[in-house]
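K.L.:
Got a sequence here, can you build the structure:
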Amino acid sequence: MPDSNKCRARGSAPIAAPFAAGQMADALPVGFDEHVIEAGGSLFGDGDKAGILYRVLEGALTGYKIFAEGHRQIVSFAFAGDIVGFCHGAAYRFHCDALLPSRVELIRESALILAAREDPDLYALLCEMTSRQLADVQAHSMLLARSTALQRFAGFLVQFIERAAPGQQAPVLLTLPMKRVDIADFLGLTIETVSRVIARLKQSGIIALKGPGAIAVLDIDRLRDVAGSRQTRSVGKAGTEPSD
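P.N.:
Residues are numbered from 1 along each chain as shown. Model (predicted):
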């Protein structure tokens, strides 16, 4: 994967960072510790006692569930500026691992809630953070509800562009820290299907591959068409798109 420890779209802020770093630093209580996690290392496990929040300072993390039959479903990605571990209750509800070498700041959830009672601005930030997390869950649900693999992957790229570079004109270069198998587990697909979809979008002139983990989106409007109900106009005949 690229050396960059953030998921970026050509000169933009890190993808999926819900708040500007300075805004978060000014509002949050001071963390009581920092941890460095190697790529593939675990931050916490499903069922571990909760109560600690992790502000991502560098790197990229992924949250996932492992089901009884061994299937992995990725539920979220987190990047610099994100808060991980919020609203889990008494125990964390999924595993959280590092995609890249990462550094996180530890904040006690109880201290954050106490500080919010005294600081209206911090309270407003917590409300915004909660609403954004709910929006992320809804967006992921909508991706999984789309009928074809082509729509799911296109929607995945569109969401990244909207968070990293809203309003930016093509071409947009995305440097993704996750591997294809991670994208597959996020979208409920197989890695083979993800590879076929990427090849299809490349052949259609909608994207170009610029190296490991680097995708240039050449036509954002056509990518949006693929993600919606008009995908047949952009990439070929109806009924031919890959699906799982």
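
K.L.:
separation between the residue nearest to the spatial centre of the chain and residue 170?
P.N.:
Centroid-nearest residue in the chain: residue 77, 3.4 Å away (criterion: C-alpha atoms, centre = their mean). Distance of residue 77 to residue 170, given as C-beta to C-beta, to the nearest Å: 23 Å. For glycine as for every other residue, the C-beta is placed from the backbone atoms N, C-alpha and C.

K.L.:
Flag the shaky bits of this protein, pLDDT-wise.
P.N.:
1-30, 131, 133-135, 138, 143, 145-146, 229-244 (pLDDT under 70).

K.L.:
And the helices in it?
P.N.:
Counting by DSSP state H, the chain has helices at residues 21-27, 109-118, 120-145, 149-164, 180-187, 191-203, 220-227, 231-235.

K.L.:
so who does the closest residue to residue 181 other than its chain neighbours touch?
P.N.:
Closest residue in space to residue 181, ignoring its immediate chain neighbours: residue 191 at 4.9 Å, by C-beta to C-beta, 6 or more residues apart in numbering. Taking C-beta atoms under 8 Å, 6 or more residues apart in numbering, we find residue 191 in contact with 180-181, 184.

K.L.:
Out of the residues you listed, which end up buried?
P.N.:
180, 184 (16 or more other C-beta atoms under 10 Å).

K.L.:
could the contacts of residue 191 go into JSON lines alongside distance to residue 50?
P.N.:
Formatted as JSON lines, those follow (distance: C-beta to C-beta, whole Å):
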{"residue": "180", "distance to residue 50": "31"}
{"residue": "181", "distance to residue 50": "27"}
{"residue": "184", "distance to residue 50": "28"}
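
K.L.:
Out of the contacts of residue 191, which is nearest to residue 206?
P.N.:
residue 180 (17.3 Å; C-beta to C-beta).

K.L.:
State the distance from the closest one to residue 192.
P.N.:
For residue 180 relative to residue 192 (C-beta to C-beta), the value is 9 Å.

K.L.:
for residue 94, phi and psi?
P.N.:
phi -160, psi 170 (degrees, to the nearest 10).

K.L.:
who's in contact with it?
P.N.:
46, 63-65, 75.

K.L.:
Go again with 10 Å.
P.N.:
44-47, 62-66, 73-76, 88 (C-beta atoms under 10 Å, 6 or more residues apart in numbering).

K.L.:
Buried subset of those residues, written for PyMOL?
P.N.:
With 16+ other C-beta under 10 Å as the criterion, this PyMOL line picks the buried residues out of the contacts of residue 94:
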select buried, resi 44+62+63+64+74+75+76+88
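
K.L.:
can you redo the contacts of residue 94 as TSV with distance to residue 120?
P.N.:
Converted to TSV, those look like this (distance: C-beta to C-beta, whole Å):
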residue	distance to residue 120
44	30
45	35
46	35
47	35
62	33
63	30
64	35
65	36
66	40
73	38
74	35
75	31
76	28
88	25
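
K.L.:
So which bits of stretch 53-69 are buried?
P.N.:
53-64.
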